[in-house]
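Peer 1: fold the following for me, if possible:
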Amino acid sequence: MDILIRAGVDDVARTAADIIGSYVKDGAVIGLATGSTPLATYRELIARQEAGALDFSGCTAFCLDEYLGLPPEHVQSYHHTIRTEFTSHINIADRNVHSPDAMDPRPWEAAQRYEQAIADAGGIDVQLLGVGTNGHIGFNEPASALNALTRVETLHPQTVVDNARFFDSPDEVPTHAITQGLGTILRSGHALLLATGAGKADAVAKMVEGPLSASCPASVLQLHRHATIIVDEAAAAGLKDAEYYRHMDAARPEWMGVDGRPRA
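Peer 2: Have a look, this model is predicted:
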């Protein structure tokens with residue numbers, strides 16, 4: 001994994017936008033995450049398009065997950081959220097922004113169709129991720145199979161508590177979701193995970209330096225062929241080898257971009 005430590009939230013967002021932007025210029029298939037952490041990155045990407053530096057018209061997007069039972073127009077559905085926070089502000093065609101069908105009465109079949117749709121699009125070139133306080137990515141909760149594909153998952157009680165701030169009460173938080181599986185995420189060309197704030201420090205340390213374990217689903221990124229983890233100083237506080245990661249970043253060869261790919 002490439003571990004990039006930045007001073008604060010805005011610095012994390014700029015570096016993430018640099019990486020995503022390098023794929024956008026190639027007309028990429030982009031995996032999008034919701035939640036609080038990616039918002040600064042989305043604002044940065046929007047600003048870059050408005051400045052004429054990016055063009056999303058050739059891109060396709062797939063959302064990482066969706067609450068089961070929430071219709072697309074529900075204000076807390078991820079279908080609605082990703083459009084409100086990001087895709088309605090850029091020049092990507094709405095028909096090219098995909099999310100799981102959380103209203104299908106046979107949700108396991110909807111999950112299988114979504115997995116196939118990603119494959120039919122050629123796979124995800126760069127997948128944006130966050131990490132939960134219990135180590136989940138997407139809605140892959142602790143004990144998730146490390147090679148699982150898109151499926152229905154039961155939300156961990158901690159996830160319900162963490163996400164209750166977006167609803168009027170914890171009782172309104174759905175208890176299930178359709179999520180890309182850890183195996184689906186491993187199939188992406190580049191996994192880009194962002195974490196900010198002291199509340200994520202323990203999960204980041206377990207993900208990066210702990211054992212590969214289903215008890216910390218994000219640790220599966222240790223197996224990813226191209227994973228970049230961008231954290232701020234607060235989220236990096238538990239990393240024992242933080243100075244080495246800073247050295248690796250500073251010693252990056254001139255021919256290598258921040259996305260880890262050779263510069264054109």
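Peer 1: ok, L32 touching I82?
Peer 2: Yes - L32 is within contact range of I82, at 5.5 Å (criterion: CB atoms under 8 Å). C-beta: built from backbone N, CA, C; applies to glycine.
Peer 1: okay, and the common contacts of the two?
Peer 2: Common contacts of L32 and I82 (CB atoms under 8 Å, 6 or more residues apart in numbering): 61, 63, 97.
Peer 1: among these, which ones are in strands?
Peer 2: Assigned to strands by DSSP state E, the following of these qualify: 61, 63, 97.
Peer 1: dump these to CSV, plus pLDDT, neighbour count and distance to P142.
Peer 2: As requested, those are exported to CSV (pLDDT from 0 to 100; neighbours: other CB atoms under 10 Å; distance: CB to CB, whole Å):
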residue, pLDDT, neighbour count, distance to P142
A61, 98, 24, 28
C63, 98, 25, 22
V97, 98, 21, 30
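Peer 1: as CSV, the residues you listed with distance to A237 would be great.
Peer 2: Shown next, in CSV, are the ones in strands among the shared contacts of L32 and I82 (distance: CB to CB, whole Å):
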residue, distance to A237
A61, 32
C63, 30
V97, 35
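Peer 1: ok, of the residues you listed, which one's closest to R263?
Peer 2: A61 (25.3 Å; CB to CB).
Peer 1: in this protein, what helix or strand scores lowest on average pLDDT?
Peer 2: Ranked by mean pLDDT, DSSP states H and E, the helix or strand of the chain with the weakest confidence is helix 157-163, at a mean of 88.
Peer 1: the helix or strand that that one is followed by packs against which elements?
Peer 2: Next along the chain after helix 157-163, taking DSSP states H and E as the criterion, comes strand 176-179. Applying 3 or more CB pairs under 8 Å, 6 or more residues apart in numbering; DSSP states H and E, one finds that strand 176-179 makes contact with strand 65-67, helix 107-120, strand 151-154.
Peer 1: how far off centre is strand 176-179?
Peer 2: 15 Å (CA atoms, centre = their mean, to the nearest Å).
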